[in-house]
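Trainee: need a structure here:
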Amino acid sequence: MNRPALYVGIDISSKTFTSSIGCVSSTWRIQVKPKQFENTIEGFGMYLHWLMQHHATPTNAIICMEATGVYNEMLAHFLVAKGYKVSIEPPLKVKRAFQPAGHKSDAVDSTQISEYAYRFWDELRLWKPREEVVEQIKTLLTIREQFVVEKTGHLNALKALKRKAIRTPLAEAMHETTIAQLKAHILEIEKEIKRLIDQDPDFRNMIWLLTSIPGVGLMLAAHMLVVIQSSPHPLSAKKLAAFLGICPYERSSGTSIHRSSTSRHYGPPGLRRLLYLAALSVRTHHPCFRRYFYRKVQEGKPPKLVINNIANKLLKIMVAVLKSNTPYIPNFQSVNPAIFNVPLTKS
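Mentor: Here you go, the predicted model:
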């Protein structure tokens, strides 16, 4: 991407958004002062007119905004449809680029985002909308996760009520009814996810490859599909492990700080939980993984660390079957490629 001439910063909220335009002549400066618009379709039209009025076109400008969930989604779709280059950056990354001094307002934030785009333009990743099917699957997976959490809460509450000395039949019946409804909703969501996947031959083939691996079910495969389709980077097991938070990192500095290696404590919780459950499943039911688990535990390794290693192994297998477009082969043994350069017999 060539260096843009104009850098547009947007600070967005649920009802409004504020935008400013910066440029570089001899030094960095704000060319157009911040202006506020309504975060509606009508406001988007007025904003587009404002951009054109100040000569910010798709060819000479880049628009940068912070990731604010659903608040910036409609505006980002609108601007990309009009041909603009849009970058959506993590709020913490933008915040750390500036000293915590001065006023805090939408106008100040928009100018800082504009300056951030200028300073880090070569690191900006252009945003592009997900495919409609992938976006629908992601939404359904999120709702399913919420229903599973609610179901677990009601099950625990019901279990506690049944252990009370004085029972309350109405309260128990209400919990049981809610649990049954949530189970029905979860099944309906899973059927809809499968239907959406079956509509696309590429997605259907990807899910078929992933579910051929022991321990990998439809929901884990669907989560992987969404993550892979949303990532701008080439498929890499190492990067995926770091993104999911299952890749231990060393923590040491000098002689005063020396802690055991640990993974970061954030990442997609739904996918990480399903991968952990898959590791537990193959630890119990797959002979190869079961032998590996007990061997490492006997060597003194913590059981949770071994389970994390199994999850990483499963992730590597998932990436391998997708890259090779080949289903899982039981008892597969990799061969060092160098062996094919050695003659089998002496002449």
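Trainee: from here on, contacts and neighbour counts on C-alpha atoms
Mentor: OK.
Trainee: where exactly do the strands run in the stretch 1-150 of the chain?
Mentor: 6-12, 16-24, 28-38, 61-66, 85-89 (DSSP state E, counting those that start in this stretch).
Trainee: Serialize these to TSV and add fields for mean neighbour count, mean pLDDT and distance to residue 165.
Mentor: Putting the strands of the stretch 1-150 of the chain into TSV (neighbours: other CA atoms under 10 Å; pLDDT from 0 to 100; distance: least, CA to CA, whole Å) gives the following:
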stretch	mean neighbour count	mean pLDDT	distance to residue 165
strand 6-12	27	94	54
strand 16-24	23	93	54
strand 28-38	16	91	57
strand 61-66	26	94	53
strand 85-89	21	93	55
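Trainee: Output the ones you listed as TSV; include the columns distance to residue 333.
Mentor: Formatted as TSV, those follow (distance: least, CA to CA, whole Å):
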stretch	distance to residue 333
strand 6-12	53
strand 16-24	56
strand 28-38	58
strand 61-66	46
strand 85-89	42
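Trainee: and residue 286, which of the ones you listed is closest to it?
Mentor: Of all the strands of the stretch 1-150 of the chain, strand 85-89 sits nearest to residue 286, with 41.9 Å by CA to CA.
Trainee: Just give the nearest non-adjacent residue to residue 30, would you?
Mentor: Spatial nearest neighbour of residue 30, excluding adjacent residues (CA to CA, 6 or more residues apart in numbering): residue 22 at 4.1 Å.
Trainee: what are the bridge partners for the one you found, then?
Mentor: residue 7, residue 30 (DSSP bridges).
Trainee: Can you give me the distance of it to residue 136?
Mentor: Per CA to CA, to the nearest Å, residue 22 is found 36 Å from residue 136.
Trainee: low-confidence ranges in the stretch 1-150 of the chain?
Mentor: Applying pLDDT under 70 to the stretch 1-150 of the chain flags residues 1, 101-102.
Trainee: hey, where'd the helices end up in it?
Mentor: Applying DSSP state H, counting those that start in this stretch to the stretch 1-150 of the chain gives helices spanning 41-53, 73-81, 91-95, 106-119, 132-162.
Trainee: Now the third one: buried residues?
Mentor: Within helix 91-95, the residues that qualify as buried by neighbour count (16 or more other CA atoms under 10 Å) are residue 94.
Trainee: Distance from that helix to the middle of the chain?
Mentor: Relative to the chain's own centre, helix 91-95 is displaced by 17 Å; criterion: CA atoms, centre = their mean, to the nearest Å.
Trainee: Just the residues contacting it, thanks.
Mentor: 66, 67, 113, 116 (CA atoms under 8 Å, 6 or more residues apart in numbering).
Trainee: picking up where we left off before, redo the helices of the stretch 1-150 of the chain as a markdown table? Include distance to residue 269.
Mentor: Shown next, in a markdown table, are the helices of the stretch 1-150 of the chain (distance: least, CA to CA, whole Å):
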| stretch | distance to residue 269 |
| --- | --- |
| helix 41-53 | 33 |
| helix 73-81 | 22 |
| helix 91-95 | 19 |
| helix 106-119 | 29 |
| helix 132-162 | 10 |
